[in-house]
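*Asks:* fold the following and give me the result.
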Amino acid sequence: MKRAYYLPAMAAGLLIISASCHKKDTRESGSDDTLPVEVSNVVTDSVTVFKEYPGSLIADRSADVMCRVDGYVSGKHYTAGEFVKEGQVLFTVASSSYKNAVDEAEAALATAKSENEYAEQHYTAVAKAYESNAVSKMEVAEALSNRDQSRSAIKSAEARLADARTTLGYCTITAPMSGHITMNEFSAGAYVSGEGSPVALAKVYDDAHVIANFAIEDASFLRMFENPNNRHLIDYKAIPIYFSEKLPHDYTANLDYMAPNVDASTGTIKLQAVIDNKYNELRAGMYCTIKMPYKVDPRAILVRDASISTDQLGKYVYVVNDSNKVVYTPIKVGDLANDSMRIVTSGLKPTDRYVTAAMLKVRDGMTVKPIAK
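*Replies:* Reported below is the predicted structural model:
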């Protein structure tokens, strides 16, 4: 009986010893329940800080295509929306009456020249006769007056002919400059009364360059342009421009105008920036976003924007200290930089490392196994 009792007790003891050895082996192998987490070091870099403003585009230049004569539109010689070159014929207006006026002016000039020829010869003859006392001094003066009047008549006739030819030229309407042209307001066959008051038939936009119009509040003006710190590092000739829909090409603008005054009704200052429209993708009237640089921070502290969390107290990150313990760290943040990094204005040091993944699995004071990423 004693022997039967002894055997089960011995078996139980062996099991306990085996389990104890297994736990000891596990500890010695380094396996534990410490959570591995990805961490990254805080980045310190020189960063340009931007502020975004809404704006709209206008053409660098635009001009109305004007009709300055009366008559029927006899022809339209372009397609709406196409690019036209300066001097290209766009419209023609029936010109018979203006052609007749040119013919009349030419005839009047011919008559004036003929009369002047006679007056010149007569004066020469009278002046010679006066030398031999064949005519009186009064006759010489009269011949001289007639000659001078005939010369003046030629000048007047030449001026009237020039005016008539200029008016006739208005019957052929050309592009005042190169650019894209709008639809015409008058179709072929329509009557236009442009002689008394010129009438706009279409409009040409020179959009080889377009201008972004926008406004900034006066406080931003002081921050951007009155603060000399690192201003020399800001490139105002390459301001990023964005559109509501992604275009095939990226664009920058050259700031070339700032209003000398603040608009009292809005408290803003008007600015303009020129954009090179070399791909012909931009049109007047498009809305855009101007990403205006206003300062450079040469030693900005940056963390991944996706690693920042928010609670009732504000923004925070999980810092992993030298003991590999998680520390809940409130921070204050600034602008986004380099698309995915966020500027931290307070709360972090350049030597800190922070959790970049599995933020929901960690908590303040937890010991973790940091994995650098």
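
*Asks:* give the helix, strand or coil label for the closest residue to residue 364 other than its chain neighbours.
*Replies:* Leaving aside its chain neighbours, residue 364 sits nearest to residue 328 (4.0 Å; criterion: Cβ to Cβ, 6 or more residues apart in numbering). Heads up, the C-betas are built off the backbone N, CA and C, glycines and all. Secondary structure, DSSP: H, G, I helix; E, B strand; the rest coil: residue 328 is strand.

*Asks:* how about residue 212?
*Replies:* Residue 212 ends up strand, using three-state DSSP.

*Asks:* one step back: quick one, what contacts the residue nearest to residue 364?
*Replies:* Listed by Cβ atoms under 8 Å, 6 or more residues apart in numbering, the contact set of residue 328 reads 316, 318, 364.

*Asks:* do a quick rundown of the helices in this structure.
*Replies:* Using DSSP state H, the helices found in the chain span residues 2-28, 96-131, 137-169, 218-221.

*Asks:* which one of the contacts of residue 328 has the most neighbours?
*Replies:* Sorting those by how many neighbours each has (other Cβ atoms under 10 Å) puts residue 318 first, at 22 neighbours.

*Asks:* surely that residue touches residue 360?
*Replies:* No. Counting by Cβ atoms under 8 Å, residue 318 stays clear of residue 360, with 10.5 Å between them.

*Asks:* which helices and strands does the longest strand seen in the chain pack with?
*Replies:* The residue-count maximum for a strand in the chain (DSSP state E) belongs to strand 43-67. Packing contacts for strand 43-67, counted by 3 or more Cβ pairs under 8 Å, 6 or more residues apart in numbering; DSSP states H and E, involve strand 89-93, strand 172-174, strand 179-181, strand 199-217, strand 287-304, strand 332-337, strand 341-346.

*Asks:* what's in contact with the first one?
*Replies:* For strand 89-93, contacts defined as Cβ under 8 Å, 6+ apart pick out 65, 67, 69, 71-78, 84, 170-175, 181, 184, 192, 201-202.

*Asks:* same deal with the second one?
*Replies:* Outside of strand 172-174, the residues that reach it under the criterion Cβ under 8 Å, 6+ apart are 65-67, 86-93, 95, 201.

*Asks:* closest one of these to residue 343?
*Replies:* Looking at the contacts of strand 172-174 and their distance to residue 343, the nearest is residue 86, at 49.3 Å (Cβ to Cβ).

*Asks:* give the contact list for that closest one.
*Replies:* Residue 86 is in contact with 174-178, counting by Cβ under 8 Å, 6+ apart.

*Asks:* and the pLDDT at residue 134?
*Replies:* Each residue has a pLDDT score; the one for residue 134 is 87.

*Asks:* ok, it - how many residues close by?
*Replies:* For residue 134, the neighbour count with other Cβ under 10 Å is 11.

*Asks:* low-confidence bits of the stretch 1-150 of the chain, can you list those?
*Replies:* Residues of the stretch 1-150 of the chain that meet the criterion pLDDT under 70 lie in 1-32.

*Asks:* tell me the bridge partners for the residue nearest to residue 364.
*Replies:* Per DSSP bridges, the residues bridged to residue 328 are residue 318.

*Asks:* that one and residue 347, how far apart?
*Replies:* Separation of residue 328 from residue 347 (Cβ to Cβ, to the nearest Å): 11 Å.

*Asks:* shared neighbours of those two, which are they?
*Replies:* Joint contacts of residue 328 and residue 347 (Cβ under 8 Å, 6+ apart) are residue 316.

*Asks:* if we can go back for a sec, starting at the chain centroid, how far to the longest strand of the chain?
*Replies:* 3 Å (Cα atoms, centre = their mean, to the nearest Å).

*Asks:* same list (the helices and strands packed on strand 43-67) but as CSV, adding mean neighbour count.
*Replies:* Shown next, in CSV, are the helices and strands packed on strand 43-67 (neighbours: other Cβ atoms under 10 Å):
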stretch, mean neighbour count
strand 89-93, 19
strand 172-174, 18
strand 179-181, 21
strand 199-217, 20
strand 287-304, 18
strand 332-337, 16
strand 341-346, 18
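
*Asks:* and for residue 270, the neighbour number?
*Replies:* Neighbour tally, residue 270, other Cβ under 10 Å: 16.

*Asks:* just to revisit the earlier point, give me the pLDDT for the residue nearest to residue 364.
*Replies:* Reading off the model, residue 328 has pLDDT 96.

*Asks:* equivalent analysis for residue 312, please.
*Replies:* Reading off the model, residue 312 has pLDDT 91.

*Asks:* now it: how far from residue 330?
*Replies:* Per Cβ to Cβ, residue 312 is found 11 Å from residue 330.

*Asks:* of these two, which one has the most company?
*Replies:* Taking neighbours as other Cβ under 10 Å, residue 312 and residue 330 compare with residue 330 leading, 12 against 4.

*Asks:* spatially nearest residue to the more buried one (excluding sequence neighbours)?
*Replies:* residue 316 (4.9 Å).

*Asks:* which residues touch the one you found?
*Replies:* 308-310, 328-331, 347.

*Asks:* buried ones among those?
*Replies:* 308, 329, 331, 347 (16 or more other Cβ atoms under 10 Å).

*Asks:* could you dump the residues you listed into a markdown table with distance to residue 52 added?
*Replies:* Formatted as a markdown table, the buried ones among the contacts of residue 316 follow (distance: Cβ to Cβ, whole Å):
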| residue | distance to residue 52 |
| --- | --- |
| 308 | 20 |
| 329 | 29 |
| 331 | 23 |
| 347 | 25 |
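
*Asks:* just the pLDDT for the most centrally placed residue in the chain.
*Replies:* Residue closest to the average C-alpha location in the chain (Cα atoms, centre = their mean): residue 212, at 3.8 Å. Listed pLDDT for residue 212 reads 96.
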